[in-house]
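**Student:** Have a look; sequence and predicted model below, questions after that.
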Amino acid sequence: MKTRRDFIKISALGTAGAAVATSAFSTVKAGSLFDWGEKTPLDDSEFIRTATYCEVCFWKCAGWTYSTSKGDIVKILGNEDDPHCNGRLCPRGTGGVGMFTDKDRLRNPLIRVRKEDGKSVFRDASWDEALDLIAKKFKEIAGKHGPESIALFNHGSSGKHFGHLLKAFGSSNITAPSYAQCRGPREVGFVATYGAGVGSPEPTDIRDTECMVLIGSHLGENMHNGQVQEMSEAIDKGATIITVDPRYSTAASKSKFWLPIKPSTDLALLLAWIHVIIYEELYDKEYVKKYTYGFDKLKKHVKNMTPEWAYGITTIKPDIIRKTAREMGDASPAVIVHPGRHVTWYGDDTQRSRAIAILNGLLGSWGRRGGFYLKESIKIPKYPTPKYPKPKWSWKDALDGKYPLAGLSVANGFIDATIPSEENKYQLHAWIVSGTNLPLTMPDKDTLNEAMNALDFMVVVDTMPMEITGYADVVLPECTYLERYDDIRSAPHREPNIALRSPAVKPKYDSKPAWWMAKELGNKLGLEKYFPWNDFEEVISYQLEELGTSLDEMKVIGVKKFDREYGGLYMGDGEDFEFNTNTGKIELFSTELAALGFDPMPKYTEHPEPPSGYYRLIYGRAPMHTFSRTANNQNLVDLMGENNLWVNPKVANIWELTNGQEVWLENQDGAVSKFPIKVRITERIRWDSIYMVHGFGHSNRKLSNAFGKGVNDSELITTVMVDPIMGGTGMRGNFVTFLTEDPGKEIES
Ligand SMILES: Nc1nc2c(c(=O)[nH]1)N[C@H]1C(S)=C(S)[C@@H](COP(=O)(O)OP(=O)(O)OC[C@H]3O[C@@H](n4cnc5c(=O)[nH]c(N)nc54)[C@H](O)[C@@H]3O)O[C@H]1N2
Ligand SMILES: Nc1nc2c(c(=O)[nH]1)N[C@H]1C(S)=C(S)[C@@H](COP(=O)(O)OP(=O)(O)OC[C@H]3O[C@@H](n4cnc5c(=O)[nH]c(N)nc54)[C@H](O)[C@@H]3O)O[C@H]1N2
Ligand code: SF4
Ligand SMILES: [Mo]
């Protein structure tokens with residue numbers, strides 16, 4: 001069925017400014033845990049060196065952009081003083097120059113126009129015209145439905161600027177897929193236990209750990225820089241790594257124990273570990289006595305959750321469960337049961353995260369050396385602007401009591417709130433989407449399409465003609481992170497620190513920074529008083545002066561560290577410490593979950609299994625790519641151009657598949673992949689699952705490197721298991737089978 005918001009291929013790209021591809025991207029081998037970008041700085045006299053922090057992923061490593069006086073960017077290197085990267089960028093950060101040189105970049109604003117035959121196309125527009133149209137539409141929609149009916153989907157730095165604009169306009173409906181599609185359940189699970197979330201970067205004291213347990217957390221492929229560096233260091237110092245993963249990941253290959261668990265059964269393993277640690281008295285007795293609440297209840301709760309019980313569920317042998325529990329006990333408190341990051345798997349994810357938090361509590365690792373350190377960050381002073389108006393309603397009202405512990409907004413809740421219905425009293429009518437490629441990011445594409453079709457108006461801000469741009473009414477081209485200022489980075493760490501992002505070169509083509517777009521739109525919406533500066537440089541300068549430094553100093557040092565203000569890196573021995581929970585203790589039994597009618601202690605729940613002839617679809621990261629955002633980056637495409645399908649030899653045999661053969665995939669709901677994917681036969685994956693790297697299978701032809709390369713996992717994730725506690729979208733309950741003939745799917749663009 002053809003719908004109003006048909007996907008448009010962006011065909012009207014301007015021709016201004018030829019792309020200059022620099023060939024200075026150095027050889028970065030990728031794939032192993034230990035490969036890094038170059039550490040040696042270049043000769044400063046030859047190039048201009050500008051401070052930045054990376055936007056290729058959200059670890060936000062600080063670095064230096066090296067450019068020429070002609071406006072070419074030659075190279076990006078890590079900043080030696082940065083605790084996020086310690087002077088070394090990962091292959092993606094080094095390859096970030098490719099985001100700047102990409103010849104497919106968006107070049108100028110685009111406006112959707114409908115032709116007589118009913119089809120839509122984009123035409124080039126000036127900034128003034130595009131922003132005028134947005135302001136006019138926003139005023140109209142706000143007049144009819146209130147400013148609250150305009151929402152922002154964002155991920156990354158650009159979102160902050162549009163968030164400020166929207167709040168000034170009267171809407172607090174701002175969301176990001178990095179919560180309910182990523183780490184939300186972990187935050188809720190840890191808050192329920194410790195009264196504090198994990199946050200980013202995770203305060204895991206990996207460099208000093210003696211034992212680290214990774215539960216579907218694949219550090220080394222998940223290339224979050226500082227963590228991976230510390231993991232290498234810990235391994236060199238003899239730390240034990242225990243990896244629980246149905247796939248033999250890079251981390252598994254560096255581990256003393258690999259537990260190839262049956263997917264979706266981790267909670268049983270965690271409960272059995274808790275059982276062994278309690279009943280073999282491997283826990284930190286003094287710590288548990290002093291700091292925890294509900295130990296006796298927990299002891300009773302896990303009484304029958306023996307390794308033998310868990311074996312039947314997880315396929316992990318009782319002996320291995322005991323041995324690994326003892327490894328943790330021996331290392332306690334210098335042990336980390338890693339909270340993971342992308343944890344929206346099976347809909348009971350808050351409870352799985354709770355089990356992880358409880359295990360750490362028993363082992364006494366929170367606030368202890370080699371466990372979790374006590375992080376600190378710098379509060380960035382606010383540039384003085386008037387108070388925001390108070391919105392009449394927010395996303396919380398729209399949820400109407402659903403997902404009571406959602407600490408941040410739930411992107412899937414926004415999608416639901418956009419679809420008109422009798423029950424929907426708080427409808428969203430317009431979206432700004434900045435820095436998130438929803439068609440590849442959100443599961444359940446039919447619901448997403450329904451919501452986008454129901455919208456009155458949609459603005460997309462992006463650097464690239466990604467799939468989401470095709471659904472927009474107006475597309476605004478942002479310049480890349482290497483060409484702009486953004487907010488000062490302030491992230492918690494061992495030492496509080498800040499980092500500067502400043503432009504190395506002028507924006508290419510007619511692209512602009514998000515701060516500029518937000519300010520200009522603000523002016524057109526009568527919100528000038530919220531943007532009382534000419535240039536974002538003024539905002540940063542003010543904030544830096546308030547912090548006792550300056551823009552000039554930061555341009556030279558890039559990163560500044562501050563002294564800790566709130567005490568030591570670890571809890572002192574026997575020190576009184578109050579946790580921000582109802583009981584003031586680490587809650588092994590959660591009083592908050594109990595009060596809301598949820599299980600106060602995690603229970604194992606069974607999840608559906610693949611029907612005969614189908615295999616569970618699991619996905620993850622590759623070290624040289626970030627989500628869907630790098631699939632067109634030439635530097636990274638040179639390292640990995642498409643994803644492939646990991647298939648166990650037993651399965652390949654049944655289906656008579658050969659290595660490199662192309663197959664299409666069909667899921668349990670009849671969703672078929674647009675493109676084929678090449679089979680990789682390997683013992684490294686269990687026979688009940690298949691695996692692919694997320695972020696490929698792009699369907700916009702304008703992405704000349706990425707179009708049609710591999711399969712997009714999201715289009716096969718049509719069944720979603722939603723976490724009732726916080727709304728996270730469990731995405732690993734989908735099962736696929738192989739189609740060996742081309743199903744002849746139509747590609748929209
Ligand atoms: N199937 C499946 N879905 C997933 C995941 C998965 O593994 N599998 N992972 C989940 C997780 S953990 C997360 S955090 C989310 C991430 O989801 P997203 O944040 O949506 O990630 P990307 O797909 O990389 O989309 C980023 C978009 O930002 C654009 N962009 C890049 N740089 C800039 C910039 O400087 N300015 C602007 N305005 N735009 C820019 C890119 O071109 C791209 O369109 O996805 C979640 N969804
Ligand atoms: N290179 C690179 N690094 C990244 C990113 C990126 O895009 N690229 N994105 C960053 C972001 S935002 C996030 S959230 C993190 C995500 O990274 P992580 O939080 O580390 O992990 P996931 O992507 O959830 O996990 C993928 C692993 O889970 C395993 N798995 C699948 N099902 C199960 C199961 O039922 N049980 C168990 N135990 N394991 C299972 C898969 O085999 C795979 O190895 O990565 C971050 N780092
Ligand atoms: S981990 Fe890599 S991609 Fe992520 S911010 Fe650091 S250098 Fe950039
Ligand atoms: Mo994420």
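**Tutor:** Yep, that arrived. Numbering: from 1, shown residues only. Ligands and ions are numbered 1, 2, ... in the order given.
**Student:** Excluding chain neighbours, what is closest to the residue of the stretch 601-749 of the chain found nearest ligand 2?
**Tutor:** Nearest residue of the stretch 601-749 of the chain to ligand 2, counting by Cβ to the nearest ligand atom: G620, 3.3 Å away. Glycine gets a C-beta too; all of them are placed from N, C-alpha and C. Nearest residue to G620, sequence neighbours excluded (Cβ to Cβ, 6 or more residues apart in numbering): H218, at 5.5 Å.
**Student:** The one you found - how many residues pack around it?
**Tutor:** The tally of other residues near H218 (other Cβ atoms under 10 Å) stands at 21.
**Student:** Likewise for E116?
**Tutor:** E116: 5 surrounding residues under other Cβ under 10 Å.
**Student:** before we move on, what about D128?
**Tutor:** Using other Cβ under 10 Å, D128 is surrounded by 11 other residues.
**Student:** Not counting stretch 399-407 itself, show me its contacts.
**Tutor:** Contacts to stretch 399-407, defined as Cβ atoms under 8 Å, 6 or more residues apart in numbering, come from residues 179-180, 184, 187-188, 191-192, 197, 350, 410, 413, 425, 592-593, 596, 723-727.
**Student:** at 6 Å what do you get?
**Tutor:** Contact partners of stretch 399-407, identified using Cβ atoms under 6 Å, 6 or more residues apart in numbering, comprise E187, V188, G413, L596, I725, M726, G727.
**Student:** just to revisit the earlier point, per-residue confidence at the residue nearest to G620?
**Tutor:** For H218, the model assigns a pLDDT of 96.
**Student:** Grab the nearest non-local neighbour of the residue of the stretch 551-700 of the chain found nearest ligand 4.
**Tutor:** As assessed by Cβ to the ion, ligand 4 sits closest to F627 within the stretch 551-700 of the chain, at 7.8 Å. Spatial nearest neighbour of F627, chain neighbours left out: G695 (4.8 Å); criterion: Cβ to Cβ, 6+ apart.
**Student:** what about the one you found, distance to ligand 3?
**Tutor:** For G695, the distance to ligand 3 (Cβ to the nearest ligand atom, to the nearest Å) stands at 13 Å.
**Student:** tell me which element that residue falls in.
**Tutor:** In this assignment (DSSP states H and E), G695 forms part of neither any helix nor any strand.
**Student:** State the distance from it to A622.
**Tutor:** 8 Å (Cβ to Cβ, to the nearest Å).
**Student:** wait, isn't G159 in contact with S434?
**Tutor:** Yes: using Cβ atoms under 6 Å, G159 is in contact with S434, at 5.5 Å.
**Student:** who's more crowded, the two?
**Tutor:** With neighbours defined as other Cβ under 10 Å, G159 and S434 compare such that S434 has more, 28 against 23.
**Student:** any idea which residue sits dead centre in this structure?
**Tutor:** Centroid check for the chain by Cα atoms, centre = their mean gives S178 as the closest residue, at 4.5 Å.
**Student:** Report how many residues lie close to the closest residue to ligand 2 within the stretch 201-350 of the chain.
**Tutor:** As assessed by Cβ to the nearest ligand atom, ligand 2 sits closest to G216 within the stretch 201-350 of the chain, at 2.6 Å. Residues contacting G216 under the criterion other Cβ under 10 Å number 23.
**Student:** so what's the residue nearest to G620 up against?
**Tutor:** Applying Cβ under 6 Å, 6+ apart, the residues near H218 are S249, A251, G620.
**Student:** rerun at 7 Å
**Tutor:** By Cβ atoms under 7 Å, 6 or more residues apart in numbering, H218 lies in contact with D245, S249, T250, A251, G620, R621.
**Student:** Residue numbers of the chain in contact with ligand 1?
**Tutor:** The chain comes close to ligand 1 at residues 55, 155-156, 158, 177-178, 181-182, 342, 434-437, 440-441, 461-464, 466, 468, 478, 480-481, 619, 626-629, 694, 713-714, 717, 731, as judged by Cβ under 6 Å from any ligand atom.
**Student:** list the helices and strands the strand or helix carrying A451 packs on?
**Tutor:** Assigned by DSSP H and E, A451 belongs to helix 445-454. With contacts taken as 3 or more Cβ pairs under 7 Å, 6 or more residues apart in numbering; DSSP states H and E, helix 445-454 sits against helix 411-418, helix 438-441.
**Student:** Not counting sequence-adjacent ones, nearest residue to the residue of the chain found nearest ligand 3?
**Tutor:** As assessed by Cβ to the nearest ligand atom, ligand 3 sits closest to G93 within the chain, at 2.3 Å. Excluding its sequence neighbours, the residue lying closest to G93 (Cβ to Cβ, 6+ apart) is C54, at 4.5 Å.
**Student:** how far away is the one you found from ligand 4?
**Tutor:** Taking Cβ to the ion, to the nearest Å as the measure, C54 falls 15 Å from ligand 4.
**Student:** Would you quantify the distance from that residue to F457?
**Tutor:** From C54 to F457 the distance is 32 Å (Cβ to Cβ).
**Student:** more crowded one of these two?
**Tutor:** More neighbours surround C54 than the other of C54 and F457, with 29 against 20 (other Cβ under 10 Å).
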